[in-house]
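1. coordinates only, sequence not included:
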């Protein structure tokens, strides 16, 4: 006899996990939110009423993720962020090219182009091309290549998810795909634009890895928050908690605990790498004393992987630290926003924040009480 389905479950305490990250907000929150939300609601391709957009509170999310930007920087940041989050809705494919057509294209052919041409294929972002060109024209080539690569991976990964009709049998495969399908990598790139950061090309591998750690953290956290809505729909198969329950044959709370372990692991990996990149650049050590000039001519100080490069100029070191702080803003911003938006917990967000318990919803929209 099978065990009855639970009527509640307890969320991981991610607020305590991230408590050392300061929660900051942008002073331009209200005017930017009103302007960007009204612009979105007026687009014919949105299919969302102004009231629905306001309940999502994307303006709050943008001001938490981009807390130090000026008005114009925050506006483009929120517009792009809104487009990315609205694109994650499985009911609305936001690209003009069909998923089948996207999957027929080798993703490597549209990577590293250094331009923003893929934006023309997105029915929200295509309206932002002039503004994005204005903000990104002075970004270095390595950023432009990375951004176009992340755009291509975003579209391709979303097409893969939209085309899948069966639940993934491997959570690792799903997570690798969702890291890009979520669009978080694109938003991290935009953080460099709105903050005016120039990351040295030599640090691109470290930045990519740091982005992946944070995207993994956020994807798993958001899927955990979204489980209650997901379990209402049999066709909503793209949720890591549901995948873990099926593939590992474990009950709901156990699946959440396994997901929490991966959330903590990605957070620790990010903190380790971010700490290495943000560490003060050590002074150059002199060559060992020797009487023979051969030693001093060819001796070089050894560097450990992930350690600051000796040849970084102060502005590059500062930008690396700001990049790490920007990713922290995303972590703490998304976690706190999740309890404020009505996307995951309806109007019960404050209760969930306080106690951590989530009561299962029914198809009638009611909550099952204990």
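-> In hand now; what should we look at? As the structure is a prediction and not an experimental result, all values here were calculated from the model. Numbering: from 1, shown residues only.
2. ok, residue 107 touching residue 154?
-> No: Residue 107 lies out of contact with residue 154 (Cβ atoms under 8 Å); the separation is 10.2 Å. (Glycine included, C-beta is placed from N, CA and C.)
3. more neighbours: which of those two?
-> residue 154 (23 against 17; other Cβ atoms under 10 Å).
4. which parts of the helix or strand hosting the more buried one are buried?
-> For residue 154, the host element (DSSP states H and E) is helix 141-163. Applying a neighbour-count criterion of 16 or more other Cβ atoms under 10 Å, one finds 142-162 buried in helix 141-163.
5. with stretch 335-349 instead?
-> For stretch 335-349, using 16+ other Cβ under 10 Å, the buried residues are 335, 336, 337, 338, 339, 340, 341, 343, 344, 345, 348, 349.
6. over to stretch 348-364?
-> 348, 349, 352, 353, 358, 359, 360, 361.
7. just checking, which of those residues comes out lowest on pLDDT?
-> Lowest in pLDDT among the buried residues of stretch 348-364 is residue 361, which has 84.
8. my read: that one touches residue 226, true?
-> No: look at residue 361 against residue 226 with Cβ under 8 Å: they stay out of range, at 11.8 Å.
9. contacts for the host helix or strand of residue 180, please.
-> Using DSSP H and E, residue 180 falls within helix 171-181. With contacts defined as Cβ atoms under 8 Å, 6 or more residues apart in numbering, helix 171-181 is touched by 88, 150, 153-154, 156-158, 160-161, 168, 185, 212, 215-216, 219-220, 223, 238, 240, 243-244, 247, 262.
10. quick one, what contacts residue 335?
-> Residue 335 touches 14, 15, 18, 221, counting by Cβ under 8 Å, 6+ apart.
11. gap between the nearest residue to the third one once chain neighbours are set aside and residue 124?
-> So the one you mean is residue 18. Among residues not flanking residue 18 along the chain, residue 332 sits closest, at 5.3 Å (Cβ to Cβ, 6 or more residues apart in numbering). Noted for residue 332: a distance of 26 Å to residue 124, by Cβ to Cβ, to the nearest Å.
12. farthest-separated two in the buried residues of stretch 335-349?
-> 335 and 348 (16.6 Å; Cβ to Cβ).
13. between the two ends of stretch 336-354, how far is it?
-> End-to-end span of stretch 336-354 (Cα to Cα, to the nearest Å): 12 Å.
14. swap in stretch 177-193?
-> Terminal residues of stretch 177-193 lie 25 Å apart, using Cα to Cα.
15. that older thread, export the buried residues of stretch 335-349 as a markdown table, with columns for secondary structure and distance to residue 78.
-> Below are the buried residues of stretch 335-349 laid out as a markdown table (DSSP: H, G, I helix; E, B strand; the rest coil; distance: Cβ to Cβ, whole Å):
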| residue | secondary structure | distance to residue 78 |
| --- | --- | --- |
| 335 | helix | 19 |
| 336 | helix | 17 |
| 337 | helix | 13 |
| 338 | helix | 17 |
| 339 | coil | 20 |
| 340 | coil | 15 |
| 341 | coil | 14 |
| 343 | helix | 16 |
| 344 | helix | 20 |
| 345 | helix | 23 |
| 348 | coil | 26 |
| 349 | helix | 21 |
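16. can you map out the helices along the stretch 151-300 of the chain?
-> 171-181, 184-195, 204-230, 240-247, 252-278, 293-298 (DSSP state H, counting those that start in this stretch).
17. does anything pack onto the second one? Which helices or strands?
-> Helix 184-195 makes packing contacts with helix 71-87, helix 129-136, helix 141-163, helix 204-230, helix 314-338 when contacts are defined by 3 or more Cβ pairs under 8 Å, 6 or more residues apart in numbering; DSSP states H and E.
18. relative to residue 9, which of the ones you listed is closest?
-> That would be helix 204-230 among the helices and strands packed on helix 184-195, by Cβ to Cβ, at 7.8 Å.
19. got the angle for that closest one vs helix 184-195?
-> Counting by axes from the mean of the first three to the mean of the last three Cα atoms, to 10 degrees, helix 204-230 points 120 degrees away from the direction of helix 184-195.
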